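>>> missing the sequence, but the structure's below:
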Ligand SMILES: Cc1cc2nc3c(=O)[nH]c(=O)nc-3n(C[C@H](O)[C@H](O)[C@H](O)COP(=O)(O)OP(=O)(O)OC[C@H]3O[C@@H](n4cnc5c(N)ncnc54)[C@H](O)[C@@H]3O)c2cc1C
Ligand SMILES: Cc1cc2nc3c(=O)[nH]c(=O)nc-3n(C[C@H](O)[C@H](O)[C@H](O)COP(=O)(O)OP(=O)(O)OC[C@H]3O[C@@H](n4cnc5c(N)ncnc54)[C@H](O)[C@@H]3O)c2cc1C
Ligand SMILES: Cc1cc2nc3c(=O)[nH]c(=O)nc-3n(C[C@H](O)[C@H](O)[C@H](O)COP(=O)(O)O)c2cc1C
Ligand SMILES: Cc1cc2nc3c(=O)[nH]c(=O)nc-3n(C[C@H](O)[C@H](O)[C@H](O)COP(=O)(O)O)c2cc1C
Ligand code: FES
Ligand code: FES
């Protein structure tokens, strides 16, 4: 693996048309998709994503693929899972998939989350489908014996997703919502400061909210707590070739563009500029 | 109805998405489609056609509509029927339709067959799906008390379609095939001359074969027997607007282009040039 | 109530939706109510009778179609005897599309067609199918100005120029049409293109090359409308791949005052009516009292970043 | 066994299938075997470091996509330090795409990149995204000849010119490239286009206009390849909307000796390999011993009428 990040002759990514095992609505906005898969797909690590060729449906004919975080990947069961929000032609096309249908996916793609050996307690903060990206990280951390506090944010408490999944995974779940003000930045900041004070915040992990990213960047700098953030951007190739998916990052005094699909989607918490 | 052939304020053609009643294979190449419809669709007359928006399928995404002759139209039962051959993206898309699916059709379109009051015995000669176009004419003639001799041509006897339909309709069916030589031009010419001699050929009607058209043109001229032929040509609009569907016709000493969708698809037997 | 009327190229139209020349004829009156259209634009008329191109004249492509109709024309007599009287049965104004092989021919034909019942002249100086290599007046500002000057002198009717997209600088051509006294430019005709049947090794069109139309060309023609809108003050009629009201809105936002719809009518004969109804709904929903207010309302200075919709409203 | 090797623009390639500049990079080696490609064509290199255009840089259209990447470039050092060594691990020749704001800039960059490991220079004199109005050298024969002459003097390597489709007479531009000593023309780059978000009233691209690519443009670029093939003797590389082996065959029949594949790789990362395998199957099925025999094999003189297939073989 040279500077460019490609080992000649090894093929860690593949395009495969895999059978759909199940595709169910978890609430009016979100669906949970399970496909049967083999390596390299099932080797997907938390924070990595697949590029999905969404089928044509009444919602339209998506021309480009759609990036989707791995919600779970299990080599033993030979399955990969996604949690997605019905948005436009692509995700609505996904929503029309039935068990037995084939889904063409490319992956696993991008750089995932990393856990430093020294960390004992991590805090994951997510919102909406950001949780889909963070869930497998929480599982991984628990399996590695790392304590996880999961702060799950949503518009209303009943919209908080995957809480059970995080709990089963052994995470200490704190659900916050806009409706009762518990998701307000000040409130979440208090939560984080308390966790830090209690020595339960060796690192922050966030995804899906610019506000939460800015908050954790600020606290991270002040309290010297490292962190990682998963970003998203429109994509074409998903393989670092087209430079469609760039975002702006701090590089010393400079501002530079990096490709979300290739240099990320997971980045050091302190580097991305607000979007 | 003025020279241009349009009566202002009457709308004899409509675009409708109608439910599929049934869509069955009649043999490995041909399928029979029945849809539930209302006027004006059910007013379709023999020789007229509908312009069908064929659904997207694995065979491809047909951009333009596909012209299809009315195989049967029944205002009482509120149904329109088609008999079609699986050819490319359009007809294969049709082939994928299931009962309950909707089919977007425009019609009825074009000029159909006409029966002169004086005619007592007519001869219809068709091949392949040309029979789909001639079948409703035979029914109409029988209901008008006109005797019908139907010469049905195919590659092999077992491929002759709609023979029973013609028989039930009361037509005197003569099936001819390439495999046993009975469909050879000389053989069919003999048949026609015998019918003419027996006074059983007041008019020829043909569709689907250039060879049969040329034969009946020749005999028609020699024996002074009138006739009509249904032609086909690639179409875009189906409404006489784009001039995509022209073919060449004798107009006195001149050769002129006419629109199959608007001036036809049924023409006087003597006018079209060979294609 | 949304005011759908627009002023365009010397005409006041009840609404901005009209058919594109060559994709519309009497037959459509069997399906839709002609009195709802903003205007009629008839198939290009030529003086001489013409047969048009060899068949096949049509082929499908990804998101569009190729045609090589050429301009089969029944000539001027037929126009006066049949076409004109037919359309006079309806209220919308008739716009006569015409073409000729020379500037003189354009001028004399325009003069002859400038009669009561004809509301405007649309000079098709762009049809790409007549010569095999697709050359056309509208490919250069120079020849456009020349032919438009002759036309301007030949008729008092509002004069529209139908431009070709097959040029390197359409804004320059539009400027020439304006300078020569044109009242509007129609942007644009079909894009010269071809396809090949890999079974027969032959072109799919009898004339080898033909004109590409339909949704596939929309982003290209929309760009050309945008470029022309920044170059001229006269009205622009947007024409290229419009199939929905949203497509029409894009053209208006880019600077068009009216739109023409062609190929979409082949796929859905009700397209003209559907786009018109959709435009009215769009204006209502977005609080525009006059459809004319959409013209040029594009917000420049870079588009917003796609925000993280899927991560929730307050994300 | 089908002979897939082709001679094109001063090179002998193992096969005629290569990636299009800007749609290919090291990352694809994680999925496909680079040693199967006819050649490598890298993202256009510029001397100065460039940031490229504002986001959003991509939007979908009917049968295609818009991009406004611009030419973000890590500069010449990165090319020598990282890009060149990486590709030297593989057998296919490397074609260096380069661009500059001036003829001088083109010449000096070409001279600097003419090193062992670079098999040919592809001069991108056409990228339509850099200036808002899409101007480019390749829009006129005059400026094409000027810059190509400078380039010819600056390098001994095979010299290819990547043309823009945004011109009124691409055959004329190809002639100029040939006259100036170019060894091949790549036909073509993206078609300047745009789209508008009717919810935000903003362009869908941060730079307003961008380049259209994908199946939507195939009939237009195929026509340009056909026109160029009749105008020049040097090799033509067909590039525009190729997604299948049949698409590639159409380009070869129209006169191309090789093809480049861009957007299709985004939709199916295996496209380059699939097209190559499909080409070999096509030649085998149709009894062509050499893929090169397909070049220019188009049968002219009008296509056949569609015969009445549905009415049976002997109909
Ligand atoms: C690395 C990554 C991981 C993601 N993981 C998930 C996930 O686990 N669950 C989930 O529901 N969504 C996820 N998304 C967002 C998802 O890709 C978009 O919701 C989806 O592409 C929308 O497509 P559409 O056609 O339904 O919507 P449309 O809005 O019609 O899409 C139009 C275009 O914009 C692009 N687009 C729209 N929203 C986004 C977005 N937020 N990010 C990137 N491109 C976008 C689409 O890809 C398409 O090209 C992820 C995005 C990225 C970049
Ligand atoms: C007036 C009329 C009536 C017809 N009636 C019948 C019928 O009852 N049953 C039946 O099976 N077929 C009938 N056809 C032929 C039918 O329209 C074609 O078989 C069909 O369009 C093929 O489309 P495809 O996409 O399956 O095939 P493709 O070959 O992929 O079609 C490619 C293009 O060629 C056109 N095309 C191909 N063959 C024909 C043809 N023979 N005539 C006109 N256009 C063609 C298609 O419309 C399409 O635009 C009729 C044609 C006409 C003109
Ligand atoms: C079959 C057909 C015939 C056409 N004939 C003419 C014509 O005679 N005169 C003309 O100016 N444009 C003609 N055009 C071009 C259209 O008027 C229109 O400019 C073009 O099709 C783009 O619009 P669309 O994508 O909505 O079809 C024709 C287009 C088609 C498809
Ligand atoms: C995202 C993207 C980036 C591109 N960048 C370049 C480039 O840097 N230099 C260049 O010469 N062409 C560039 N192109 C044009 C392609 O090389 C190709 O000419 C065009 O996309 C048409 O081919 P296609 O339809 O197969 O994509 C780019 C195209 C795309 C889609
Ligand atoms: S999507 Fe192509 S570089 Fe990231
Ligand atoms: S199909 Fe348009 S005129 Fe016949």
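Alright, I've got the coordinates. Keep in mind it's a predicted model, so treat the numbers as computed, not measured. Ligands and ions are numbered 1, 2, ... in the order given.
>>> so how far is residue B:105 from the residue of the stretch 201-315 of chain C found nearest ligand 3?
Residue of the stretch 201-315 of chain C nearest ligand 3, by CB to the nearest ligand atom: residue C:262 (2.6 Å). To be clear about C-beta, it is placed using only N, CA and C from the backbone, and glycine gets the same treatment. According to CB to CB, to the nearest Å, residue C:262 and residue B:105 sit 22 Å apart.
>>> do residue C:268 as well
12 Å.
>>> neighbour-wise, which of the two wins?
Per other CB atoms under 10 Å in any protein chain shown, whichever of residue C:268 and residue B:105 has more neighbours is residue B:105, with 25 against 19.
>>> re the thing from before, shared neighbours, residue C:268 and residue B:105?
Common contact partners of residue C:268 and residue B:105 (CB atoms under 8 Å, 6 or more residues apart in numbering or on different chains): B:15, B:53.
>>> So what touches the helix or strand encompassing residue A:188?
Using DSSP states H and E, residue A:188 maps to helix A:185-197. Applying CB under 8 Å, 6+ apart, the contact partners of helix A:185-197 are A:121, A:123, A:125, A:149, A:151, A:153, A:174, A:176, A:181, A:201, A:204, A:211-212, A:215-216, A:219, A:223, A:225.
>>> Residue C:142: neighbouring residues, count only.
Using other CB under 10 Å, the number of residues around residue C:142 comes to 11.
>>> Is it in contact with residue C:173, as I believe?
No: in this structure, residue C:142 is not within contact of residue C:173 by CB atoms under 8 Å, at 9.4 Å.
>>> can you tell me how far the closest residue to ligand 1 within chain A sits from residue A:61?
Proximity of chain A to ligand 1 (CB to the nearest ligand atom) peaks at residue A:88, 2.1 Å away. As judged by CB to CB, residue A:88 and residue A:61 stand 12 Å apart.
>>> Same question for residue C:138.
33 Å.
>>> higher neighbour count, those two?
Between residue C:138 and residue A:61, counting by other CB under 10 Å, residue C:138 is the more crowded of the two (32 against 17).
>>> doesn't residue C:172 make contact with the more buried one?
No: Residue C:138 is not in contact with residue C:172 according to CB under 8 Å; the separation is 10.8 Å.
>>> Chain A: helices as residue ranges?
According to DSSP state H, chain A carries its helices in the segments A:89-95, A:130-143, A:163-168, A:185-197, A:210-223.
>>> residues in contact with the closest residue to ligand 2 within the stretch 1-150 of chain A?
Residue nearest to ligand 2 within the stretch 1-150 of chain A: residue A:56 (17.3 Å; CB to the nearest ligand atom). Residues near residue A:56 by CB under 8 Å, 6+ apart: A:62, A:93, B:56, B:61.
>>> Go through the residues you listed and name the one nearest chain D.
Closest approach to chain D among these (CB to the nearest CB): residue A:62, at 7.0 Å.
>>> quick one, domains of chain A?
A:4-109, A:121-229 (automatic domain parsing).
>>> Let me know which of those is the nearest to residue C:218.
Between residue C:218 and the domains of chain A, the tightest spacing by CB to CB is seen for domain A:4-109, at 13.6 Å.
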